[in-house]
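Peer 1: next input, structure requested:
(one chain, ligands or ions: 1)
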Amino acid sequence: MSYSFASIYDKIYSLQARRYAQLLYEIIEKYYPSTRYILDLGCGTLLIEANLPKKFKFVGIDASSFMLKEAKKKKLKNVVLIKSDIRKFKLRKSFDVVISLNDTINHLLSLREIRKVFKNVKKVLKSNGLFVFDINTEESLRYYLPKKLSNWIVFSDEGRKEVLVYRKFKERKFLIWEIYYFTNNGTIKKEIIRERVYNIKEIKHTLLREGFNILEELLLKKGKVLIVSVFKLN
Ligand SMILES: C[S@@+](CC[C@H](N)C(=O)[O-])C[C@H]1O[C@@H](n2cnc3c(N)ncnc32)[C@H](O)[C@@H]1O
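Peer 2: Numbers count the residues shown, from 1 in each chain. Below is the predicted model:
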């Protein structure tokens, strides 16, 4: 997984990112209004950061150099970018809020890997700090299966074709995105993104085992759940 289609990513997700940013802002205002420092795991092209007030200082971590290249083009002065795997990052700083949005956690293909990330989050969260993430659950299968198979989505810009996305489920637990996109010279390239869907109970159980408390669980569209959790040091 390289996210080589990063240059057209914003065309697909801009609207969704604005909604996420608004929701996140409301959550921060409700539970941790003094928030200043936010860590974004799988920050991508910084769509979320671009839609939040400049008073926040971000550190964004992502493993894809394509996504980070697009992120840098936004020239956001309140963001520090780090190229790293979110299962392995090490930071000395601590944060008021850690976020991981728009399916990033689904890119981790086992509960063991998710647990590694949760452990890492604990290390960098301040006491009472928030961890907010979304996840495609097994409920998402109901939305995508099977009538939605062979579903092409065409995103276009000023009449030009930009990207074609084809999504399908393979086995019971994987969501496969086949993404076809037009390069600058007009050729079509393909990338496959593999996501695992999880049972929400196993995710919550793993989170609780790591010492987080769940503050809110919001059911979003298409079987996706947003979890707002808090980590309290004893
Ligand atoms: C669907 S994008 C979401 C980007 C951004 N959070 C947003 O809301 O627009 C998923 C991002 O997670 C990154 N990612 C997936 N697995 C990762 C890993 N193990 N370590 C670091 N980044 C990862 C990908 O490179 C990609 O940029």
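
Peer 1: restricting to C-alpha, output stretch 75-86 in CSV.
Peer 2: Provided in CSV are the C-alpha atoms of stretch 75-86 (Å, rounded to 0.1, in the frame of the first residue of the first chain):
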residue,chain,number,x,y,z
LYS,A,75,2.0,24.6,3.7
LEU,A,76,0.2,24.5,7.0
LYS,A,77,2.5,26.3,9.5
ASN,A,78,0.9,24.6,12.6
VAL,A,79,1.7,21.0,11.5
VAL,A,80,4.9,19.0,11.9
LEU,A,81,5.0,15.9,9.6
ILE,A,82,6.8,12.6,10.4
LYS,A,83,7.2,9.7,8.0
SER,A,84,6.7,6.6,10.2
ASP,A,85,4.6,3.5,10.7
ILE,A,86,1.9,4.2,13.3
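
Peer 1: and that stretch, what's buried?
Peer 2: Under the neighbour-count criterion of 16 or more other C-beta atoms under 10 Å, stretch 75-86 has 76, 79, 81, 86 buried. Where C-beta positions appear, they are placed from N, C-alpha and C, glycine not excepted.

Peer 1: right, and V97 touches P33 too?
Peer 2: No - using C-beta atoms under 8 Å, V97 is not in contact with P33, being 11.0 Å away.

Peer 1: ok, the two, which is more surrounded?
Peer 2: V97 (24 against 8; other C-beta atoms under 10 Å).

Peer 1: element containing that one, please.
Peer 2: Assessed by DSSP states H and E, V97 sits inside strand 95-100.

Peer 1: with E70 instead?
Peer 2: helix 65-73.

Peer 1: what's that helix packed up against?
Peer 2: helix 6-31, strand 57-62, strand 79-83 (3 or more C-beta pairs under 8 Å, 6 or more residues apart in numbering; DSSP states H and E).
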